[in-house]
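K.L.:
Attaching a predicted model along with its sequence, questions to come.
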Amino acid sequence: MKLNFLPKTAHILGFIVALFVVVGPSIATSVQAQTQPPVTSQSEAWAINLNSNITAILSEKSGGQYDDNNQDFDILLNALQQTELADDLEQYDVDGTIFAPTDKAFLDFSRFFGYGGDDEAAVLSVINQEFAKLSKADVDNGGTNPNAYTLRNLLLYHLSDGVKTSTDLQNLKGAKLVRTHLDGPEGSDPFLKAFRFSYVNGDLIDYAPNLVDAKLVPGLTDILASNGIIQGIDRVLMPYFLGGNYPISLRPIPQAGQPITIADMIAQSGEFDDNDQDFDILFKLIQVAGLTDALADPNADLTLFAPNDAAFMKLDQFTRGGAGPIPFNPEASSYSQIINFLQMTDQTVRQLPPGVNGDAVALLQKVLKYHVSAGAKTAAEIQAAPSIDTLLEGSVITPKDGKLVDVSPNYADPQLQAGKTDMTASNGVIQGIDNVFIPVLFPSPTK
């Protein structure tokens, strides 16, 4: 039985970055260096019987019982059973490919929804709860599908017709698209009807630019079954962009007497609000970039140059060609726009084929590293320094005439924010700034 398809219920930037230049090693070179060819090895533990179907192999080799091994597929198998896709896969009479997230991939995915534990049994409940909230919010905002976000739809995005080996993925042509079993909107163009993802230089690029792209897992690829093939992946593929309040904070509030780190102090800003002088957007972007742990390291000694929300909204305006953020929720709008802009920039930097989504995370990490310097520095020390090295290799900040000059001559340089300097943490100091450091050359002069 062939799997049934399910029906499912941007502003385009005025310019594309033609050249993404960084002082020292280029970002383009750095991003390319992080890519890897697809893995084709298969561990002996996953030696297969071609008489077994996909579901049977997942069950036989993974067990399906929650355990301490996060490199098998217990969560996936339980998700398939919960959504009744396990039975469909058992009867699947057309060779297909399942891109199978490991238990660790699902645990990492649940972090985006605010789950901080390691209990495999809790993950699906977390995902279902958050998807129910998203579906309700979609209807509240005018959507017509109360099931726009479901675990079943998420899993269908991991299924594709035809056996696709790792070599086949590497040899995809053009936009390197992989069509999935998740339908697009009713009446859409047949070519665009199925939600797709792309396989480019070892990355599986999905529709969520604020989630790290998935890769094939060594030892868990090219697992043949009687009705298809299993490709283990290290991240959950996401067919939707999650903006607004995602990721949900994992930072607990320090108790009285406990050290307060840089990460703790930024987290105190909280969620998006009407106060554009705190650090809500920065807090969210730090989480997306995966830099929270570095800024929470009790043994670190750092200076964080922290753009306030107004600074990020100015960057948002710049990327929109001067148009302001959406009035009813400007901070959430600016957060989403910055992610989208970095996604489009990544498309250009990596010269991805037309139609292939970019990934915002790698570039966001570089932008934020440009805002961190080793060693706690007071405002007076900063103003007196000839230059300040940052954690972005080869990129410095130059104090000059009260401004902090970055490497981009085409975007306004920040100043230290009055009343927000020398904020001391247990592992360094935060210096508030009124604009964002740009480690690249933007095309439009604004200075």
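P.N.:
Structure's in. What do you need?
K.L.:
tell me the contacts of residue 75?
P.N.:
Contacts for residue 75 (C-beta atoms under 8 Å, 6 or more residues apart in numbering) come out as 66, 101, 103, 106, 107, 120, 123, 124. Quick note: C-beta positions are derived from backbone N, CA and C, even for glycine.
K.L.:
Surely residue 99 forms part of a strand?
P.N.:
Yes: the assignment for residue 99 is a strand, going by DSSP: H, G, I helix; E, B strand; the rest coil.
K.L.:
thinking again about what came up before, kindly present the contacts of residue 75 as JSON lines, with separate columns for secondary structure and neighbour count.
P.N.:
What follows is the contacts of residue 75, written out as JSON lines (DSSP: H, G, I helix; E, B strand; the rest coil; neighbours: other C-beta atoms under 10 Å):
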{"residue": "66", "secondary structure": "coil", "neighbour count": "15"}
{"residue": "101", "secondary structure": "strand", "neighbour count": "26"}
{"residue": "103", "secondary structure": "helix", "neighbour count": "23"}
{"residue": "106", "secondary structure": "helix", "neighbour count": "23"}
{"residue": "107", "secondary structure": "helix", "neighbour count": "21"}
{"residue": "120", "secondary structure": "helix", "neighbour count": "22"}
{"residue": "123", "secondary structure": "helix", "neighbour count": "24"}
{"residue": "124", "secondary structure": "helix", "neighbour count": "18"}
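K.L.:
Just the closest of those residues to residue 299, please.
P.N.:
Closest approach to residue 299 among those (C-beta to C-beta): residue 107, at 25.6 Å.
K.L.:
So residue 337 is in contact with residue 319, correct?
P.N.:
Yes: between residue 337 and residue 319 there is a contact under C-beta atoms under 8 Å: 6.1 Å.
K.L.:
related to what we said a few turns ago, min pLDDT across the contacts of residue 75, which one?
P.N.:
Looking at the contacts of residue 75 by pLDDT, the weakest one is residue 66, with 91.
K.L.:
Residue 121 is in contact with that residue, correct?
P.N.:
Yes: if you go by C-beta under 8 Å, residue 66 and residue 121 touch, sitting 4.6 Å apart.
K.L.:
gap between the residue lying farthest from the centre of the chain and residue 100?
P.N.:
For the chain, the residue at maximal distance from the C-alpha centroid (C-alpha atoms, centre = their mean) is residue 51, at 38.1 Å. Separation of residue 51 from residue 100 (C-beta to C-beta, to the nearest Å): 20 Å.
K.L.:
Okay, and residue 129 sits in which element?
P.N.:
Here residue 129 sits within helix 120-140, counting by DSSP states H and E.
K.L.:
Also residue 75?
P.N.:
Judged by DSSP H and E, residue 75 forms part of helix 74-82.
K.L.:
Can you point out the buried residues in that helix?
P.N.:
Neighbour-count burial for helix 74-82, counted by 16 or more other C-beta atoms under 10 Å, picks out 74, 75, 76, 77, 78, 79, 80.
K.L.:
and it, what's its mean pLDDT?
P.N.:
Averaged across helix 74-82, pLDDT comes to 96.
K.L.:
now it against helix 120-140, angle please.
P.N.:
50 degrees (axes from the mean of the first three to the mean of the last three C-alpha atoms, to 10 degrees).
K.L.:
other SSEs contacting the helix or strand that helix 74-82 is followed by?
P.N.:
Scanning forward in sequence from helix 74-82 by DSSP H and E, the next helix or strand is helix 85-90. Counting contacts by 3 or more C-beta pairs under 8 Å, 6 or more residues apart in numbering; DSSP states H and E, helix 85-90 is packed against helix 54-62, helix 74-82, helix 151-156.
K.L.:
Can I get the last one as PDB, trimmed to CA atoms?
P.N.:
This file holds the C-alpha atoms of helix 151-156, laid out as PDB (Å, rounded to 0.1, in the frame of the first residue of the first chain):
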ATOM      1  CA  LEU A 151       4.000  14.700  14.300                       C
ATOM      2  CA  ARG A 152       2.600  12.800  11.300                       C
ATOM      3  CA  ASN A 153       3.400  15.600   8.900                       C
ATOM      4  CA  LEU A 154       6.800  15.900  10.400                       C
ATOM      5  CA  LEU A 155       7.500  12.200   9.700                       C
ATOM      6  CA  LEU A 156       6.100  12.400   6.200                       C
END
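K.L.:
Tell me which strands the helix or strand that comes right after that helix pairs with, and in which orientation.
P.N.:
Per DSSP H and E, the first helix or strand lying C-terminal to helix 151-156 is strand 159-161. Strand 159-161 has the following strand partners under DSSP bridges: strand 96-101 (antiparallel).
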